[in-house]
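# sequence and predicted model, in that order:
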2 protein chains.
Amino acid sequence: MKQDDPLVVFTPSGRRGRVPSGTSVLDAARRLGVDLDSVCGGRGICSKCQISLGTGSFPKHGITVTEEALSAKNAVEQRYDEKRGLPPARRLGCQARILDDAVIDVPPESQIHRQVVRKDAELRAIEMDTATRLCLVDVAEPDLQAPSGDLERLNSALAAQWQIGPARCPLPVLARLQATLRRGDWQVTVALHRAPDGLEILDIWPGFFEGPLYGLAIDIGSTTIAGHLTDLSTGTVIASSGRMNPQIRFGEDLMSRVSHAMLTPGGAAEMTAALHAGLDRLAAEIATEAGVAPRQIVETVLVGNPVMHHLALGLDPVELGQAPFALASSGALSLAAGDLGIGAINPEARAYLLPLIAGHVGADAAAVALSEAPEEADELTLIVDVGTNAEILLGDRSGVLACSSPTGPAFEGAQISAGQRAAPGAIERVRIDPATKEPRFKVIGCELWSDDPDFAETVGPAGVTGICGSGIIEAVAEMRLAGLVDMSGLIGSAAQTGSERCRPEGRTQSYLLHDGSSAGGPVIAVTQTDIRAIQLAKAALYAGARLLMDRRGVDRVERVVLAGAFGAHISPLHAMVLGMIPDVPLDRVRSAGNAAGTGARIALCSVAARRKIEEVVRRIEKVETATEPRFQEHFVAANALPHASDPFPELARQRHLPEVVFNADGGGNRRRRRPR
Amino acid sequence: MKQDDPLVVFTPSGRRGRVPSGTSVLDAARRLGVDLDSVCGGRGICSKCQISLGTGSFPKHGITVTEEALSAKNAVEQRYDEKRGLPPARRLGCQARILDDAVIDVPPESQIHRQVVRKDAELRAIEMDTATRLCLVDVAEPDLQAPSGDLERLNSALAAQWQIGPARCPLPVLARLQATLRRGDWQVTVALHRAPDGLEILDIWPGFFEGPLYGLAIDIGSTTIAGHLTDLSTGTVIASSGRMNPQIRFGEDLMSRVSHAMLTPGGAAEMTAALHAGLDRLAAEIATEAGVAPRQIVETVLVGNPVMHHLALGLDPVELGQAPFALASSGALSLAAGDLGIGAINPEARAYLLPLIAGHVGADAAAVALSEAPEEADELTLIVDVGTNAEILLGDRSGVLACSSPTGPAFEGAQISAGQRAAPGAIERVRIDPATKEPRFKVIGCELWSDDPDFAETVGPAGVTGICGSGIIEAVAEMRLAGLVDMSGLIGSAAQTGSERCRPEGRTQSYLLHDGSSAGGPVIAVTQTDIRAIQLAKAALYAGARLLMDRRGVDRVERVVLAGAFGAHISPLHAMVLGMIPDVPLDRVRSAGNAAGTGARIALCSVAARRKIEEVVRRIEKVETATEPRFQEHFVAANALPHASDPFPELARQRHLPEVVFNADGGGNRRRRRPR
């Protein structure tokens, strides 16, 4: 580097330095540590290294750049431009040579570690850093005088042309190596996977293979399995698909699965086989739906709760059914996707499983932590992933706590008299007029409220079929707001509430939401038993959160994040009326959508993120609700709506909760003062 | 360490140092870097750490040792002694504590890196350094308050108690981990395998598992597969077994196998399947024969020529059938034994394949190099492994050369008129009286010579069935010594030789060795075609050796080593009469027996040996006979018996070769002078 060598400044990195005149932009980028992509290694084939020249005066850098700062297009670049087309002002970084001072812009799509914007999170992006990437290599032909294996020469080429390796080669790929090298006339593209214990060649194509490679992020829930097919060069999700977890026939919830494993010889293996078949079908379906060659799907990341995690690995979950809930292995795992029964993608595809946090706090919770990064939060953040079990994280930069709380399936519409899964026809929104006590609602699949004149016609012949998790939460909360339910959770009688929709049912009352019987449809009411189920679930959730707050020594949190597909549909106001979550300003409650799925997708796109979450999970402090004496205490107090003792000042600022008290037989005083 | 601490001297290592009074012998050994074995990690269970105290005056060390230098037997040691018995004067190193100056002897069986004497090699021993060993560990029980996986706690225990790890755990072992830990009451024995990329848990047993672990060294020949089951704690071969290579049905020799792969769709896969089945049966048989639990066989090492190597790995050998004879991979490989079809041993057993030297010089030749260590020889050593192909190594401390030469199967009795494999009934030794021209011989399975009066009765009804490789070599050499065959390889007629055993056969002569026709047995003669086949084979062998000598710039070697099962039966004198090997003093020719098998066994016992041979093979200079112009020249000159131009002074000192010349039609002069 001499003083009269051209000065080159790369944007947006700001990296700068002098390089000998005639250096290619790609070489200059490599020398200066600028992140510029290339699959073909500078052969003018892949066009991943596209850059553009900034011209004019750059006082900040003290240089003036002319069009002559880069060499004119050479034959290789011209041919590429003619055959495939270069966008205006774009140049191939590997062909364009620096002749004079230059400012060179590397557009996002030419960066390996480009930032992928997340729609679901404020201010956070995924920095691409995939474990598997394509590399074009020219391999030396065999030489009788200096015999060596084709694999050894491929590895020499990787070392010389990419400064990496040596790479291991699984037998099935090795079995194709010789024919592929000869078919590609000694030029091949390899899919190289960075495993913790070294590089591995996952696949090989003759000549230049453009890709892209894909990865499949899978969230194994107890009820559903969801997959997100992701382009590993852009980080874009190109298809998402979900299907029922076929294990559901062995039991609706986790404990019934564990019981099946404990009580039925071969039961665990049976559930593993069912899950493997389900994962394989999901992978096949999503590849077909996206029109992607299965061979190009080379990675998968799986998250799930501990029972699903163990069953996916063929591990008997029996220890997870009893204290001390010992996991077989809690660390992150890297293995062959085939070991998880996923055969419908590249046969050498790798699988990564996020670490587990504790016996009841699984890889799904770790994925939520990866997506939401509580360890980087400035404000004390409570993250709640609501499902059959609630996983709860509480933390900020000074540390993160985690626990799991047994909410049961009420929040998912199970164990509710008219409950159903969130599907077309299910009531998902409810409003009750505080004056008339008349309800109106919306069902999934219809944009209109039920009091709209066109509702009946629009909702169609299937009509209103039941009530889903978010619907029952809103219904109970609205009943509380309308004075139909008291703080203890009791439904008042028609006499007490002044609403004929309150009807006796045995010794308790129920509230009629919708009577479809005239059209042959269901009668949908909120019964006292329904409210009790919701109370138990929300009390467990709140008690878990309070336990973490106790451990942290606080009685307030600053932010609440509701994760989970269900979390996306919960109305923060109604959740707070029920006392599901601690009292915070309503605008401090955010839905994070399917954070576990997002976390899986981040791990798919970034090896650095995998290493980070492994480290974060090691540092998370685990709190066990089952043995913590205060849990029971918190649970009992949290049974009231919203709470027997904790004040909810932020909620009070939003809404007034009628201070009604009913007694169980439907008599008693209406609108009596709270007894304290 | 203080000046008044006891001084302890370990023998035979000579390591010495002061340790605090009360230190256990095992701890002292570890501190001073003394090689003292232990499986139980000092719990007084395994007794691998037995030592004995030397008492009396040791002027050399400046100390006097009394019986009180070690603590009396404690309860643990007494219980071991009562239950299992300690040999006289032996102590448990982990229990006995050093109280005063002591000289402590570590017997060979208490050393991890003990030397195992080799019967087959002068002055060389195998230093034990197995890749897999047993370790007893006490694992912490799961703690609800500090949740972690059972595997993570096992790894913590390995780190704390053995200063190793973490170890990976294959899924099938992980699936047994939880139940095994609980069955062993949190004490387990693990089989830990040191792979190049880290530690792996191959198996796990509840409580203390004594072992031993076994390894299987397998030599895959084109014709036979041989296995040697080895105790990995002692290095002893406890059973050996061989069976036909089931691929033989696809062709007798290597090239016909390669042809089958080239010409038959699926042919290579078919041969791989046959070989895998053969390997699996061999493993099963040898385990049964030795009465060893298959689960305890945790490692296997395989050697073979390049075609067998590739077929074992499921690699199509088609490239090995044509120049430039490119190998798919030439490096050493570590993989699952199951990938080679070997299912009859521990399902997690590992397989190690030695590196290949070149397209025609395989892992078998590398194993020979490991066994014979030419790179450590002071004298220039020629090593010949005679089989269908001859692999030839030439070297000493200054470097090693290698080549392969296409001898064909004549040396194995194939393509010989009365040829057969070395099996009972085959003629293996031949002597011809120079005066009477009458032969006598020995057959395999009978100790008597054929001129013994009891021979016919002893050899039994099966009688004499044919002639094997070593038999045909001796027969031709003896014919040359007796003046029945001239330097060009022509057999004389009865008129020329004066022996009625020389009989015309078409336009050539043959020599009758044995006429069993009166008893319904075969007529065994050496025909002119037989001699031509032997000449071609031996010329190829000699020409290969000469080519290496050319490259080295020498025309003499100092030692010759004959390797291979066949090499073990060749008489050095007769080999030299034929000119199979260069002229050296006869006492400088040694048979190394099955050196390839020995090399495999060394690799099984020693990781250091694996790393060493990988390095040696990288440095071996490969010479390709097929393209070397001088090979043809050497081949033609080596056609004569012993040679057309090279002098054989050492041979001349031993025997006089009659200078007869016959012509092809049986006429010509007898005892004519050589025309030069």
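Cool, the structure landed.
# low-confidence ranges in chain A?
Along chain A, segments meeting pLDDT under 70 span A:1-2, A:118-124, A:461, A:664-676.
# quick one, domains of it?
A:7-110, A:131-206, A:214-353, A:368-401+A:537-641, A:410-533 (automatic domain parsing).
# all helices of the stretch 101-250 of chain A, in order?
Applying DSSP state H, counting those that start in this stretch to the stretch 101-250 of chain A gives helices spanning A:150-162, A:171-183.
# now for those, which one comes closest to residue B:13?
Taking Cβ to Cβ as the criterion, residue B:13 comes closest to helix A:150-162 out of the helices of the stretch 101-250 of chain A, the separation being 39.6 Å. Yep, even glycine has a C-beta here, placed from its N, CA and C like the rest.
# list the buried ones in the closest one?
Neighbour-count burial for helix A:150-162 flags A:150, A:151, A:152, A:153, A:154, A:155, A:156, A:157, A:158, A:161, A:162 (criterion: 16 or more other Cβ atoms under 10 Å in any protein chain shown).
# try stretch A:507-524
For stretch A:507-524, a neighbour-count test (16+ other Cβ under 10 Å) marks A:508, A:509, A:510, A:511, A:513, A:514, A:521, A:522, A:524 as buried.
# okay, and the third one sits in which element?
Assignment of secondary structure by DSSP states H and E places residue A:510 within strand A:508-515.
# just checking: what are the partner strands of that strand?
If you go by DSSP bridges, strand A:508-515 pairs up with strand A:502-505 (antiparallel), strand A:523-527 (antiparallel).
# could I get the buried residues of stretch A:507-524 as JSON lines with distance to residue B:498?
Formatted as JSON lines, these follow (distance: Cβ to Cβ, whole Å):
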{"residue": "A:508", "distance to residue B:498": "127"}
{"residue": "A:509", "distance to residue B:498": "130"}
{"residue": "A:510", "distance to residue B:498": "126"}
{"residue": "A:511", "distance to residue B:498": "127"}
{"residue": "A:513", "distance to residue B:498": "124"}
{"residue": "A:514", "distance to residue B:498": "123"}
{"residue": "A:521", "distance to residue B:498": "120"}
{"residue": "A:522", "distance to residue B:498": "118"}
{"residue": "A:524", "distance to residue B:498": "120"}
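# closest one of the residues you listed to residue B:406?
Set against residue B:406, the nearest of the buried residues of stretch A:507-524 by Cβ to Cβ is residue A:522 (86.1 Å).
# any idea how far the nearest residue to that closest one once chain neighbours are set aside is from residue A:210?
Nearest non-adjacent residue to residue A:522, counting by Cβ to Cβ, 6 or more residues apart in numbering or on different chains: residue A:516, 5.4 Å away. Distance of residue A:516 to residue A:210, given as Cβ to Cβ, to the nearest Å: 56 Å.
# where along the stretch 451-600 of chain A do the helices fall?
A:455-459, A:469-481, A:494-497, A:528-552, A:564-567, A:572-578, A:595-605.
# moving C-terminal of the last one, what's the next helix or strand?
Past helix A:595-605, heading to the C-terminal end, the next element that is a helix or strand (DSSP H and E) is helix A:607-619.
# tell me which other helices or strands the very next helix or strand once past that next one touches.
Downstream of helix A:607-619, the first helix or strand assigned by DSSP H and E is strand A:621-622. Here strand A:621-622 touches strand A:399-405, going by 3 or more Cβ pairs under 8 Å, 6 or more residues apart in numbering or on different chains; DSSP states H and E.
# for the stretch 301-450 of chain A, what spans make up the strands?
Here the stretch 301-450 of chain A has its strands, by DSSP state E, counting those that start in this stretch, at A:333-336, A:350-353, A:381-385, A:390-396, A:399-405, A:426-432, A:439-443.
# please see if the second one touches chain B.
No - taking Cβ under 8 Å from any Cβ of the partner chain as the criterion, strand A:350-353 and chain B are apart, separated by no less than 11.2 Å.
# in its sheet, what does that strand sit against?
Applying DSSP bridges, one finds strand A:350-353 paired with strand A:297-304 (parallel), strand A:333-336 (antiparallel).
# tell me the most buried of these?
Greatest average neighbour count among these goes to strand A:297-304 (a mean of 27), per mean count of other Cβ atoms under 10 Å in any protein chain shown.
# so it versus helix A:595-605, what angle?
Per axes from the mean of the first three to the mean of the last three Cα atoms, to 10 degrees, the angle that strand A:297-304 makes with helix A:595-605 is 150 degrees.
# strand A:297-304 versus helix A:607-619: what angle between them?
Compare the direction of strand A:297-304 with that of helix A:607-619 by the same axes, to 10 degrees and you get 20 degrees.
# please save the CA atoms from strand A:297-304 in CSV.
Extracted C-alpha coordinates of strand A:297-304, given in CSV (Å, rounded to 0.1, in the frame of the first residue of the first chain):
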residue,chain,number,x,y,z
ILE,A,297,-33.8,-27.5,2.0
VAL,A,298,-30.6,-28.2,3.8
GLU,A,299,-31.3,-27.1,7.4
THR,A,300,-34.0,-27.2,9.9
VAL,A,301,-34.4,-25.6,13.4
LEU,A,302,-36.9,-27.1,15.8
VAL,A,303,-38.3,-25.7,19.0
GLY,A,304,-40.9,-27.2,21.3
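# what's the offset of it from the middle of its chain?
Distance, stretch centre to chain centre, for strand A:297-304: 12 Å (Cα atoms, centre = their mean, to the nearest Å).
# check the spacing between residue A:98 and chain B real quick.
Counting by Cβ to the nearest Cβ, to the nearest Å, the gap from residue A:98 to chain B is 40 Å.
# tell me the contacts of that residue?
Neighbouring residues of residue A:98 by Cβ atoms under 8 Å, 6 or more residues apart in numbering or on different chains: A:6, A:8, A:19, A:21, A:22, A:23, A:24, A:25, A:28, A:69, A:70.
# could you do residue A:156 as well?
Counting by Cβ under 8 Å, 6+ apart, residue A:156 makes contact with residue A:140.
# I'd like the distance between residue A:101 and residue A:64.
Distance of residue A:101 to residue A:64, given as Cβ to Cβ: 7 Å.
# quick one, which of these two is more surrounded?
Each of residue A:101 and residue A:64 had its neighbours counted (other Cβ atoms under 10 Å in any protein chain shown), and the higher figure belongs to residue A:101 (19 against 14).
# that one reaches residue A:69, doesn't it?
Yes - at 6.3 Å, residue A:101 counts as touching residue A:69 under the criterion of Cβ atoms under 8 Å.
# what is in contact with those two at once?
With Cβ under 8 Å, 6+ apart as the test, residue A:101 and residue A:69 both reach residue A:6.
# got the contact list for the nearest residue to residue A:81 once chain neighbours are set aside?
Spatially, and ignoring its direct neighbours in sequence, residue A:81 is nearest to residue A:73 (6.7 Å; Cβ to Cβ, 6+ apart). When contacts are counted by Cβ under 8 Å, 6+ apart, residue A:73 touches A:81, A:91, A:95, A:96.
# ok, now residue A:585?
Contacts of residue A:585 were listed using Cβ under 8 Å, 6+ apart, and they are residue A:650.
# out of the buried residues of stretch A:507-524, flag the one nearest to residue B:247.
Using Cβ to Cβ, the shortest approach to residue B:247 within these belongs to residue A:522, at 70.8 Å.
# give me the element the residue nearest to residue A:81 is part of.
For residue A:73, no secondary-structure element claims it when assigned by DSSP H and E, so it is in no helix or strand.
# do you know how far it is from chain B?
Residue A:73 is 39 Å from chain B, where distance means Cβ to the nearest Cβ.
# give me phi/psi at that residue?
Dihedral pair for residue A:73: phi -60, psi 130, per degrees, to the nearest 10.
# which residues in the stretch 51-200 of chain A form strands?
Taking DSSP E, counting those that start in this stretch, the strands of the stretch 51-200 of chain A run over residues A:56-58, A:63-65, A:90-92, A:97-98, A:102-105, A:115-117, A:125-127, A:132-138, A:167-168, A:187-195, A:198-206.
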